[in-house]
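In: generate a structure from the sequence data that follows.
(4 chains)
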There are 2 protein chains.
Amino acid sequence: MQIGELAKQAGCPVETVRYYEREGLLHAAVRNESNNYRQYNLSHLDRLTFIRRCRSLDMTHGEIWALLDARQQPDASCESINELIDTHLLHVQARMTELRALEGQLIDLRSQCHAARATRDCGILRELDHPGDTAWRSPALTHSHVSGSHSSSDAHNHGEKQK
Amino acid sequence: MQIGELAKQAGCPVETVRYYEREGLLHAAVRNESNNYRQYNLSHLDRLTFIRRCRSLDMTHGEIWALLDARQQPDASCESINELIDTHLLHVQARMTELRALEGQLIDLRSQCHAARATRDCGILRELDHPGDTAWRSPALTHSHVSGSHSSSDAHNHGEKQK
DNA sequence: GAACACCCTAAAGTAACTACAGGGTCAAGC
DNA sequence: GCTTGACCCTGTAGTTACTTTAGGGTGTTC
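Out: Numbering: from 1, shown residues only, chains lettered A, B, ... in the order given. A predicted model of the protein is given here:
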């Protein structure tokens, strides 16, 4: 099958497949001699699906490498796999704890201003300018490897009006 | 004051201060004519502290720009500020929902293997290879702008043993 | 005058993609 | 035979918010 079909089956963009090949995560495909198109088989789909499943669990490529390596050694102990999952779970939980704290701070902050008033009187800016005793100071910037709150599609334009 | 002192007061690395200046987030400092060192005053510290406080709330630079802009217009309505905080709060909450789902999946996954056995028999790999009915298919990859679970200090080495 | 803490710039690296430029391939329809 | 459109290719740059590295000047102290 061609790359488009593979990507469709795995539910990911074609560019991501090529990217995984460049990274070595996915084995290089055989090429069709006449047109240089990549030709894939079911074992590629298998591996890609595995990778995507791990990514949907928010694992890093490093973690996925470790799992793929482990898969290659069916006789070895699976202890490292268990540890990897445990560690990753801790990361996820740590990030949730951070986000819970953040949520609390944002709710506090939002409660400073309910009406639309003049900016000079806005309780939110006032609070950001001169925080009260609401336990500020970077809640838990010891980021744990599950990252922030912003998707890559967030706009980051300043000044110019939105189109 | 010099950059080192400013950074210390704001609790951030010196490089970050220079980076903010390059980005325009922080106004360029006056330079000492004799040695070209940056010289800061309290208003710089004020603005930097504001920025860092917003960052500790996981806002993007775009969001911070919006708040800084709003601060410049004390007579305008603060409605956009309220909306910004509301939207950001939704991002944070959306990410928490995603992570909760992730946590559930990881706990399920982990429960597939308790003992250290041969990799070929590991329930975790088995599950990753051929997922059961545990409601797979990328839980909520509609990332909401508060990102994943991995800190930048996470190692991503493959193959070579850890030093 | 050497050591050491501090400052400077410019460029590259980080994670995991995504997007873009510029171009070839192939099947269908006119 | 030619165009249209869907698909494929490579290579490079952009994304976010920094961090790191390389290479070098400044200022104070011993």
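In: now the element after the helix or strand bottoming out on mean pLDDT in chain A, going C-ward?
Out: Here the helix or strand of chain A ranked lowest by mean pLDDT, DSSP states H and E is helix A:123-129, holding a mean of 74. Toward the C-terminus, helix A:123-129 is succeeded by strand A:149-150 as the next helix or strand (DSSP states H and E).
In: what about that following strand, distance to the chain center?
Out: In terms of CA atoms, centre = their mean, to the nearest Å, the gap separating the centre of strand A:149-150 from the centre of its chain is 10 Å.
In: do that strand and DNA strand C meet at all?
Out: No - looking at strand A:149-150 against DNA strand C by CB under 7 Å from any atom of the strand, there are no contacts, and the closest approach is 11.8 Å. (C-beta placed from N, C-alpha, C; glycine too.)
In: who touches that strand?
Out: With CB atoms under 8 Å, 6 or more residues apart in numbering or on different chains as the contact definition, strand A:149-150 has outside contacts at A:99, A:102, B:58, B:60, B:88, B:91-92, B:94-95, B:144-147.
In: mind redoing it with 6 Å?
Out: The contact list for strand A:149-150, computed with CB atoms under 6 Å, 6 or more residues apart in numbering or on different chains, reads B:58, B:60, B:91-92, B:95, B:145-146.
In: how about that strand and DNA strand D, touching?
Out: Yes - Strand A:149-150 reaches DNA strand D (CB under 7 Å from any atom of the strand) through A:His150.
In: now the residue nearest in space to the middle of chain A: how far from B:Gly24?
Out: Within chain A, the residue whose C-alpha comes closest to the C-alpha centroid is A:Asp58; the distance, by CA atoms, centre = their mean, is 5.3 Å. For A:Asp58, the distance to B:Gly24 under the criterion CB to CB, to the nearest Å works out to 33 Å.
In: can you list the buried residues in the least confident helix or strand of chain A?
Out: Within helix A:123-129, the residues that qualify as buried by neighbour count (16 or more other CB atoms under 10 Å in any protein chain shown) are A:123-125, A:127-128.
In: if we can go back for a sec, tell me which of the contacts of strand A:149-150 fall in helices.
Out: When those are checked against helices using DSSP state H, the ones located there are B:91-92, B:95.
In: compare those and tell me which has the most neighbours.
Out: With neighbours set by other CB atoms under 10 Å in any protein chain shown, the maximum within those is found at B:Arg95, which has 30 neighbours.
In: can I assume it is in contact with B:Val146?
Out: Yes - contact criterion CB atoms under 6 Å: B:Arg95 and B:Val146 qualify, at 3.5 Å.
In: next, the angle from whatever helix or strand A:Leu84 lives in to helix B:79-110.
Out: Counting by DSSP H and E, the secondary-structure element that holds A:Leu84 is helix A:79-110. Angle of helix A:79-110 versus helix B:79-110, following axes from the mean of the first three to the mean of the last three CA atoms, to 10 degrees, is 160 degrees.
In: what about A:Asn32, neighbour count?
Out: 11.
In: then A:Gly62?
Out: A:Gly62 has 14 nearby residues by other CB under 10 Å.
In: residues near the residue nearest to A:Glu21 when sequence neighbours are not counted, how many?
Out: Across the structure, with CB to CB, 6 or more residues apart in numbering or on different chains as the measure, the residue nearest A:Glu21 apart from its sequence neighbours is A:Ala28 (5.6 Å). Counted with other CB under 10 Å, the burial measure for A:Ala28 works out to 10 neighbours.
In: and what about A:Ala28, helix, strand or coil?
Out: In terms of secondary structure, A:Ala28 is coil; the call rests on DSSP: H, G, I helix; E, B strand; the rest coil.
In: give me phi/psi at it?
Out: Listed backbone geometry of A:Ala28 is phi -60, psi 140, with angles given as degrees, to the nearest 10.
In: list the contacts of the residue in chain A that DNA strand D sits nearest to.
Out: Using CB to the nearest atom of the strand, A:Gly4 is the residue of chain A that sits closest to DNA strand D, at 2.7 Å. Contacts here follow CB under 6 Å, 6+ apart; on that basis A:Gly4 touches A:Val14.
In: hang on, the earlier thing: same for the helix holding A:Leu84, what does it pack against?
Out: helix A:61-71, helix B:79-110 (3 or more CB pairs under 6 Å, 6 or more residues apart in numbering or on different chains; DSSP states H and E).
In: if anything else comes up later, I'll come back, but that's it for now.
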